[in-house]
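Asker: Okay, sequence plus prediction incoming.
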Amino acid sequence: MEDLFSAEKAERRMRAAPLPARMRPQRLSEVVGHAQLLGEGAAFRTMVEKGRPVSMILFGPPGTGKTTLARLVASESSATFEPLSATSATVKDVRAILASARYRLETEERRTVLFLDEIHRFSKSQQDALLPGVEDGTVILVGATTENPFFEVNSPLLSRCTLFRIHRLEAADIARLIQRALTDPNGLGDLDIAIDEDALDALADRVGGDGRLALNALETAAIVAVGRGQAVITLDDIAEALGRRIVQYDKDGDNHYDVVSAFIKSLRGSDIDASLYWLHTMLDAGEDPEFVARRMIILASEDIGMADSYALQVAVAAFQALQVVGLPEAAFALSHAAIYLAAAPKSNSVTVAMGKARQAVASNASAEVPPHLRDAHYAGAARLGHGNTYVYPHDHPDHHVRQQYLPEGIGIDSLYVPTAQGTEVDIAARMAARGQLPKPPSR
């Protein structure tokens with residue numbers, strides 16, 4: 001009788017739960033996406049299917065199924081699932097779970113999966129309290145984090161865990177989740193509502209690979225649509241559910257290329273406001289943020305170059321920040337980089353020099369390295385004349401000496417010509433002092 005009542009209570013709780021909880025996969029085969037973890041022969045899938053899990057850290061963005069995977073680790077291995085939140089748990093809580101897990105193992109031969117959500121929020125003393133239980137196998141620790149574990153998790157604990165990187169879901173995976181939820185009896189099947197193609201694409205594209213956000217927004221949109229007497233969820237319903245305007249932006253069409261072009265030309269044209277406008281048009285529309293960051297890296301050398309070499313470091317740092325923290329937080333770093341690049345002095349001297357260098361290489365395919373520049377570090381090199389007349393620059397004033405560095409007979413005249421922009425003025429002055437330029441350009 002108690003089991004019957006327990007089942008009824010569980011069913012009531014499930015009916016009251018949000019859509020993401022109701023749609024949580026119960027078997028590994030129901031999980032959408034994550035081919036690197038769940039593909040045929042993948043280490044994670046093999047380990048779970050064999051029922052022999054090890055302690056692990058699941059590292060990835062929110063809404064990508066880390067909790068679901070942890071629950072499946074437990075269910076597939078017939079282990080007890082013990083969830084713990086790092087935001088509220090104490091060392092006392094950890095020790096209590098370890099004690100019950102030890103008793104369970106000794107009396108029932110049943111393993112315990114301790115799921116520690118937001119493990120990066122655990123203090124050093126709390127993480128240290130876990131070590132004995134993880135080390136002797138009392139518990140199988142599954143830690144979940146959105147932060148880089150190499151920065152946030154203690155080395156002793158991290159060394160005892162296998163790290164699995166969880167990636168954002170693809171738009172196609174999100175679309176599958178949405179369509180499944182609309183027909184599943186545990187989902188929205190009882191509402192008998194559909195979604196039009198534009199609304200489906202918009203929702204799948206604009207949640208940034210976050211399955212939980214997609215399902216929450218879908219439930220809200222469905223309730224709104226049904227309340228209006230609609231049989232189909234529209235683009236307006238999705239926009240209202242997401243709480244923001246749906247930008248008309250086709251990532252595979254002309255509009256995509258037009259907006260990207262406008263962004264790059266605004267950066268090149270030093271218009272900070274326009275650069276930020278087009279940047280956030282792309283981000284709000286669900287554009288791949290790594291694509292945007294890569295374009296800024298290219299521009300940093302193509303259109304700023306030697307006028308401010310630090311611009312390249314700023315662009316690369318924004319790309320790295322995106323990889324570490326993801327959106328939406330990485331929008332700060334991307335905006336930071338866009339402002340810097342737009343405000344920086346502009347020079348295309350690197351682009352011009354690169355073009356001249358390629359042309360020179362193509363025109364002199366048979367050019368040879370001058371003998372004095374050839375490798376002289378092996379026996380017999382001197383007898384071949386390699387390096388015999390090479391002059392070591394550091395033995396001369398200003399650590400510079402004029403000698404032939406280009407192949408014999410190549411008529412190249414100043415591939416790189418600095419402009420009068422930014423730090424190129426100083427570079428030009430040094431080149432002129434070395435006789436590499438007639439005179440430095442004036443500001």
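Answerer: Okay, I see it.
Asker: buried residues in whatever helix or strand residue 21 lives in?
Answerer: Using DSSP states H and E, residue 21 falls within helix 19-22. Going by neighbour count (16 or more other CB atoms under 10 Å), the buried part of helix 19-22 is 19-20, 22. Heads up, the C-betas are built off the backbone N, CA and C, glycines and all.
Asker: And these, which is closest to residue 185?
Answerer: residue 22 (9.6 Å; CB to CB).
Asker: Please tell me how far the closest one sits from residue 186.
Answerer: 5 Å (CB to CB, to the nearest Å).
Asker: picking that back up, out of the buried residues of helix 19-22, which one sits closest to residue 303?
Answerer: Nearest member of those to residue 303, counting by CB to CB, is residue 20, at 43.8 Å.
Asker: quick one, what contacts that closest one?
Answerer: Counting by CB atoms under 8 Å, 6 or more residues apart in numbering, residue 20 makes contact with 211-212, 215-216.
Asker: about what we covered before: so which residues make contact with the very next helix or strand once past the helix holding residue 21?
Answerer: Per DSSP H and E, the first helix or strand lying C-terminal to helix 19-22 is helix 35-38. Helix 35-38 is contacted from outside by 28, 31, 42, 44-45, 69, 164-167, using CB under 8 Å, 6+ apart.
Asker: Three-state assignment for the nearest residue to residue 370 once chain neighbours are set aside, please.
Answerer: Of all residues not flanking residue 370 in the chain, residue 404 sits nearest, at 5.5 Å (CB to CB, 6 or more residues apart in numbering). Secondary structure, DSSP: H, G, I helix; E, B strand; the rest coil: residue 404 is coil.
Asker: and what of residue 87?
Answerer: Under three-state DSSP, residue 87 comes out as coil.
Asker: measure it to residue 51 for me?
Answerer: 31 Å.
Asker: Show me which of these two is the more surrounded one.
Answerer: Neighbour totals were compared for residue 87 and residue 51, and residue 51 leads with 13 against 9 (other CB atoms under 10 Å).
Asker: so who does that one touch?
Answerer: 76-78.
Asker: Check what pLDDT it gets.
Answerer: At residue 51, the pLDDT value in this model is 85.
Asker: what's the distance between it and residue 28?
Answerer: With CB to CB as the criterion, residue 51 and residue 28 are 12 Å apart.
Asker: Quick check: neighbours shared by these two?
Answerer: Joint contacts of residue 51 and residue 28 (CB under 8 Å, 6+ apart) are residue 76.
Asker: which residue packs closest to residue 48, ignoring adjacent ones?
Answerer: Excluding the flanking residues, the one nearest residue 48 by CB to CB, 6+ apart is residue 76, at 4.8 Å.
Asker: Helix or strand: which one has the residue nearest the centre of the chain?
Answerer: Central residue of the chain (CA atoms, centre = their mean): residue 323, 3.3 Å from the mean position. Following DSSP H and E, one finds residue 323 within helix 310-325.
Asker: got a list of contacts for the helix or strand just after that helix?
Answerer: Downstream of helix 310-325, the first helix or strand assigned by DSSP H and E is helix 331-343. Helix 331-343 is contacted from outside by 266-267, 270-272, 275-276, 279-280, 283, 289, 292-293, 296, 299-300, 304, 311, 314-315, 317-318, 321-322, 325, using CB under 8 Å, 6+ apart.
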